[in-house]
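Peer 1: pasting a predicted model and its sequence here:
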Amino acid sequence: MHVLILPSWYPLHENDLNGCFFREQAHALAKKGTKVGVIIPQFRSLRLGKKAICGKYNSEIWQDGDISTYFKYDVFWFPKIPYIDLNRWINAGLKLFEKYIKEQGIPDIIHVHSLLLAGPLALAIHKKYQIPYCVTEHSSLYARGLIKNWEWKYLNNAAQSASKLLAVSKSLTNILESKFNNTKWDIFPNLLDNIFTESSQRSFTTRKEQLCAVGFLNKNKGFDLLIKAFAKVLQYSPQFKLCIGGDGPEKENLKNIIKDLKLEDSVFLLGSLARKDVCKLMNESKCFILSSHVETFGIVVIEALSQGTPVVATLCGGPNSLLTPNDGVFVKPNDEADLAKGIMEYLNNQDKFDHRKIRERCISNYSEAAFAEKLMKIYTEIQS
């Protein structure tokens, strides 16, 4: 089988984390013996200033192991008239597709990752070549109400013509079915990177007096709330530390909160971490905390579970269908007091959580092998 992946965003190189889970899924399929290709216009935002204008404008092929990845570099020049940029993006994708099929052959199936922007591109290809396509939706834009009015027509047309519609969590399928009339969306979660399934540094017994969190430091992740909630936890358990991995626009604000609450000896911002370091951090911590306001999936949740690490998570969407009571504790989103209460509930009941079983459940559901097997069945169904 020959599968072409059309992502709405994608890594520029193997160490780029932007859309890294799309690349991981491509490699999981390739390991099963499937021919896999990727085409992706890489348009830069004008917010980058000189970096946007002075960047590349050419096309190039990244031979990423067995996966031929076709890039076209450009800029979103018309942010005030965005449908022009969407059409420019689609046209760039069509040119890449023509080049791709000349060199790689026509794919049997196209897999779209997130409708905006790749859905309209898949529809354009489908109309010309009758190649079936499926969609996996990952975006939190729907839950956050950030889809623009003019975009709905493009997205709806692409959704209605898809052979299969998938979303990464139950909460997201519910939202999408309410937004797109007469559509049925099935749950299809993301997969774990092999570094988390094959980690040799796991310990199910020896853990530091430490809690951890990892994510992009933006307002949606609720790290400000987490730090304030942790200050309450310290009143009862002063021996604990909180380590937060990640970087982003909220970093200075979080530093100021830590300083104002005099938590410099208890809360640590670790900055951006390599995946092996994320794995190590989760493995050596008592629990992982997800404090987000909205998550369509929450890859960090299953990364923590893969290390046998229980999770305290807000009921913010994705985690609702990832976690069971045997995996951790649920709390209300955007509620500092409830988050502190949930952390204390976990710390007071640590013995009820079986670290080994938490890991086993996670690997059986989200490993690369399990993911690829389920996805190949979907492709076969579409073709039959």
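Peer 2: Cool, the structure landed. The shown structure was predicted, so the numbers you read here are calculated from the model rather than taken from an experiment. Numbering: from 1, shown residues only.
Peer 1: middle-most residue in this protein, spatially?
Peer 2: In the chain, the residue lying closest to the centroid (C-alpha atoms, centre = their mean) is Ile299, at 5.7 Å.
Peer 1: what are the phi and psi values for that residue?
Peer 2: Backbone geometry at Ile299, expressed as degrees, to the nearest 10, gives phi -60, psi -30.
Peer 1: contacts only, for it.
Peer 2: The contact partners of Ile299, by C-beta atoms under 8 Å, 6 or more residues apart in numbering, come to 21, 190. Bear in mind the C-beta positions are built from the backbone N, C-alpha and C, glycine included.
Peer 1: 6 Å instead?
Peer 2: Neighbour list for Ile299: Asn190 [criterion: C-beta atoms under 6 Å, 6 or more residues apart in numbering].
Peer 1: ok, and what's touching stretch 232-250?
Peer 2: By C-beta under 6 Å, 6+ apart, the residues outside stretch 232-250 that reach it are 209-218, 230, 266-273, 281, 340, 343-344, 347.
Peer 1: could you list the low-confidence segments of this structure?
Peer 2: Within the chain, the ranges that satisfy pLDDT under 70 run 199-205.
Peer 1: all strands for it, in order.
Peer 2: Using DSSP state E, the strands of the chain run over 2-7, 35-44, 59-64, 67-75, 109-113, 133-137, 164-167, 186-187, 210-214, 241-245, 267-271, 287-290, 311-314, 328-331.
Peer 1: strand 35-44 and the first one, what's the angle between them?
Peer 2: Computed with axes from the mean of the first three to the mean of the last three C-alpha atoms, to 10 degrees, the direction of strand 2-7 lies at 20 degrees from that of strand 35-44.
Peer 1: out of the strands of the chain, flag the one nearest Glu381.
Peer 2: In terms of C-beta to C-beta, the element of these nearest to Glu381 is strand 164-167, at 7.5 Å.
Peer 1: was I right to think Pro189 contacts Val168?
Peer 2: Yes - under the criterion of C-beta atoms under 6 Å, Pro189 makes contact with Val168 at 5.5 Å.
Peer 1: rewinding a little: now the buried members of the contacts of stretch 232-250.
Peer 2: Buried by 16 or more other C-beta atoms under 10 Å: 210-215, 217, 230, 266-270, 273, 281, 340, 343-344, 347, out of these.
Peer 1: so Phe71 bridges to which residues?
Peer 2: Beta bridges link Phe71 to Ile40, Glu60, judged by DSSP bridges.
Peer 1: if I look at it, how far off is Ser161?
Peer 2: 26 Å (C-beta to C-beta, to the nearest Å).
Peer 1: looking at those two, which is more packed in?
Peer 2: The residue with more neighbours, out of Phe71 and Ser161 and counting by other C-beta atoms under 10 Å, is Phe71; that gives 19 against 15.
Peer 1: isn't that one up against Gln63?
Peer 2: No - assessed by C-beta under 6 Å, Phe71 is found out of contact with Gln63, at 11.7 Å.
Peer 1: which neighbours do these two share?
Peer 2: Overlap of the contact sets of Phe71 and Gln63 (by C-beta under 6 Å, 6+ apart) is empty.
Peer 1: ok, longest helix in this protein?
Peer 2: In the chain, with assignment by DSSP state H, the single longest helix is helix 82-104.
Peer 1: buried set for that helix?
Peer 2: For helix 82-104, the buried set under the neighbour-count rule, 16+ other C-beta under 10 Å, comprises 85-86, 88-90, 92-94, 96-97, 100-101, 104.
Peer 1: then stretch 174-182?
Peer 2: So for stretch 174-182, counting by 16+ other C-beta under 10 Å, buried means 175-176, 180.
Peer 1: just the ones in helices from the residues you listed, please.
Peer 2: Mapping those onto helices (DSSP H) picks out 175-176.
Peer 1: of the buried residues of stretch 174-182, which is the nearest to Ile289?
Peer 2: For the buried residues of stretch 174-182, the residue nearest Ile289 by C-beta to C-beta is Ile175; the value is 24.6 Å.
Peer 1: look up how far Pro7 lies from the closest one.
Peer 2: 21 Å.
Peer 1: equivalent analysis for Lys255, please.
Peer 2: 34 Å.
Peer 1: the two - which one has more neighbours?
Peer 2: Legend: neighbour count by other C-beta under 10 Å for Lys255 and Pro7, higher for Pro7 (24 against 13).
Peer 1: isn't the more buried one up against Leu115?
Peer 2: No - Pro7 is not in contact with Leu115 according to C-beta under 6 Å; the separation is 11.2 Å.
Peer 1: re earlier: which other helices and strands contact the longest helix of the chain?
Peer 2: strand 35-44, strand 67-75, helix 115-129 (3 or more C-beta pairs under 6 Å, 6 or more residues apart in numbering; DSSP states H and E).
Peer 1: what angle separates the first one from helix 82-104?
Peer 2: In other words, strand 35-44. Angle of strand 35-44 versus helix 82-104, following the same axes, to 10 degrees, is 150 degrees.
Peer 1: please consider this matter closed, and thank you.
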